[in-house]
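Trainee: dropping the sequence and predicted coords here.
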Amino acid sequence: MVRKLFFSVMLVAAVLVSGCVIQPVNAPPPGQGSSFYAGDDAPSSLSAPDADAAYRLRPLDPIYIRFSGIMEQQQLELVIDENGEFSLLHIMEPIKAAGLTASELEKKIEQCYVEGGIYKNVSVNVTMTAKIYYVQGEVNQPGQFQLMSGTTLLQAIAGARGYTPFANKKKVTVTRHGKIYAYNAKDLEKDPSKDVKIEAGDVIKVWQQWY
């Protein structure tokens, strides 16, 4: 009888311990270069927001181009390809967009048309089209949301109608390009200057509080 009671207690303890093991959201399988960063160890791409830091275009970014001063083409909506390039009418070589800001790309397109002798005078405006991020876990309205310029981690959580009563504010993760970054939202609330910018495709998860 005592022996049976001993094994029952050990079984319950094992279940409780295994239930407390938390696996990162959307973590890549082992061996695929996944990394985990906590708080201050996060790279600069997830550092505190900088009002002067303009977004630099990346492969697969959707963009909208509006032309002024010409009748042949006035607007164009496209997606930058996997190589960070796209093609335009009358320009033989692909335009390299990845790594440029929207304003830098505008000047580059204008230069290609004017210096190439295609148009004497053309004005170009480049803007980003709608992009999304995801919020999961202990928030009142999980789902996907449209990314607005300058959206931060705390703003994204607020946009998902805030925390549930079971949320662990000390463990909020952001998954980006196969890497996971962990943050203490309470610390960010105390010092908003440490809040981090969200990018398109980010997966935010608020973890559950274990009592």
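Mentor: Great, that's in hand.

Trainee: tell me the domain ranges of this protein?
Mentor: Per the record, the chain has its domains at 27-51+131-208, 62-128, by automatic domain parsing.

Trainee: and the lengthiest strand in the chain, what's buried?
Mentor: In the chain, taking DSSP state E as the definition, the longest strand is strand 167-176. Buried residues in strand 167-176, counted by 16 or more other Cβ atoms under 10 Å: 167-169, 171-176. The C-beta positions use only the backbone N, C-alpha and C, and glycine is treated the same way.

Trainee: any figure for the gap between the closest residue to residue 198 other than its chain neighbours and residue 139?
Mentor: Nearest residue to residue 198, sequence neighbours excluded (Cβ to Cβ, 6 or more residues apart in numbering): residue 151, at 4.8 Å. Distance from residue 151 to residue 139, counting by Cβ to Cβ, to the nearest Å: 15 Å.

Trainee: next: residue 126.
Mentor: 33 Å.

Trainee: go on, residue 59?
Mentor: Relative to residue 139, residue 59 is positioned 30 Å away (Cβ to Cβ).

Trainee: higher neighbour count, those two?
Mentor: Remark: of residue 59 and residue 139, residue 139 carries more neighbours, 22 against 13, as counted by other Cβ atoms under 10 Å.

Trainee: helix or strand with the lowest mean pLDDT in the protein?
Mentor: Least confident element among the helices and strands of the chain, by mean pLDDT, DSSP states H and E: helix 2-19 (a mean of 43).
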